[in-house]
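kindly generate the corresponding structure for this input.
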Amino acid sequence: MRRREFITLVGVAAVMGPSPTRAEQTRKLPIIGFLGPAWSAQDFEDRLRELGWIGGRTVAIEYRSAEGHTERSNEIATEFVRLKVNVIVTVGGSPTLAVKRATSLIPIVSISGDPVGSDLVASLARPDGNATGLALNPISLAGKRLELLREVVPGFRRLSVMVNANSPGFKNRMDEVQAAAAALGLEATILEIRRADDVASAFEALRDRADALYAVGVPLTFAIAPRALSARIPTMFEYREFVDAGGLMSYGVDATHLWRLAATFVDRILRGAKPADLPVQQPTKFDLVINLKTARALGLKVPESFLLRADEVVE
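This is a model prediction of the structure:
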């Protein structure tokens, strides 16, 4: 099945939810509740399959997405508790904390910025609760991302930073980015968004005021990439999926590796391990991805040395 078709099917499943017939068929199977973006589902399922967990045969997976609406996370968390799922996978600080508030018993595998700072776990080595997973925030890459932007964007002086203000610990992330910008002599403007609907007004606010845009974390919507392209603003993202959507470049964790690790956590929990006994991991592999088509549309000439260093070039 092609990736686009897979994502479409996942999106439909997330909207429809379980039918009575499907619930009857799968009620004896362990259930994974998955609260996150549809684009991550294929890598997650591929690794589960390698470990012996096949959707509909040896495990049931209930996909849900908050679709950029933070308040939806609370509803989905409550739904997972009602469904009595065996483990919940979450992406991002706000969805993870919503699930944590809903249950202290169901194991949680989280991919989030700062699980210690947000009180999700006691420590990376000893989570000491019902949650574990992957921690991304301790990895400071803001300076590297801005240096990469400066290599490609001539006369880069004014930076706009877009961040989901609902994310726990977002102020610490902003401090990190502002410090990195100051060290490079850049003027940084912070744009806080709380809903997907805020993106349009945010772009109005930065009209003619930014040489580049840095989207921190997982943005609320993929629409940021095409909007920035229409406004002729070069973009830096932390995840390569936004480069596929039209963003200029990304530097961050290898998403495939990330979701394979998450599936490994789920496998261990379904086989009897407790989250408290599974140390939180930090990714060590990072990829540079650049969209050459977007660069041409923006009138940017990407140095050959830059292209040679890129892990992937999107044509």
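
the stretch 151-300 of the chain: strands as residue ranges?
Assigned strands in the stretch 151-300 of the chain, in chain order: 158-164, 187-193, 212-215, 235-237, 249-253, 286-291 (criterion: DSSP state E, counting those that start in this stretch).

which residue is the nearest non-sequential neighbour of Ser250?
Closest residue to Ser250 apart from its sequence neighbours, by C-beta to C-beta, 6 or more residues apart in numbering: Phe237 at 4.2 Å. C-beta: built from backbone N, CA, C; applies to glycine.

could you verify that Cys34 is part of a strand?
Careful, residue 34 is Phe and not Cys. Yes: checked against DSSP: H, G, I helix; E, B strand; the rest coil, Phe34 lies within a strand.

so Ala231 touches Phe203, yeah?
Yes: contact status for Ala231 versus Phe203: in contact at 5.8 Å, counting by C-beta atoms under 8 Å.

these two - which one has more neighbours?
Phe203 (21 against 15; other C-beta atoms under 10 Å).

distance check, Leu191 against Val216.
10 Å (C-beta to C-beta, to the nearest Å).

mind splitting this protein into its structural domains?
The record's domain parsing of the chain by automatic domain parsing lists 3-138+255-277, 142-253+286-314.

got any ranges where the stretch 101-250 of the chain has weak pLDDT?
137-139, 168-169, 218-219 (pLDDT under 70).

and the pLDDT for Pro20?
With respect to pLDDT, Pro20 has a value of 47.

show the contacting residues for the nearest residue to Gly55 once chain neighbours are set aside.
Distances taken as C-beta to C-beta, 6+ apart place Ile61 nearest to Gly55, at 5.2 Å, with adjacent residues excluded. Contacts for Ile61 (C-beta atoms under 8 Å, 6 or more residues apart in numbering) come out as Ile31, Ile32, Phe34, Glu45, Gly55.

try it again with 7 Å
Ile32, Phe34, Gly55 (C-beta atoms under 7 Å, 6 or more residues apart in numbering).

need the contact list for the residue nearest to Ser250.
The contact partners of Phe237, by C-beta under 7 Å, 6+ apart, come to Ala215, Val243, Gly247, Ser250.

tell me the angle of the biggest helix by length in the chain relative to strand 249-253?
Longest helix in the chain by number of residues, with DSSP state H as the criterion: helix 255-270. Comparing the axes of helix 255-270 and strand 249-253 via axes from the mean of the first three to the mean of the last three C-alpha atoms, to 10 degrees yields an angle of 30 degrees.

and Ala98, what pLDDT?
The predicted local confidence for Ala98 is 92.

that one: which element?
helix 93-102 (DSSP states H and E).
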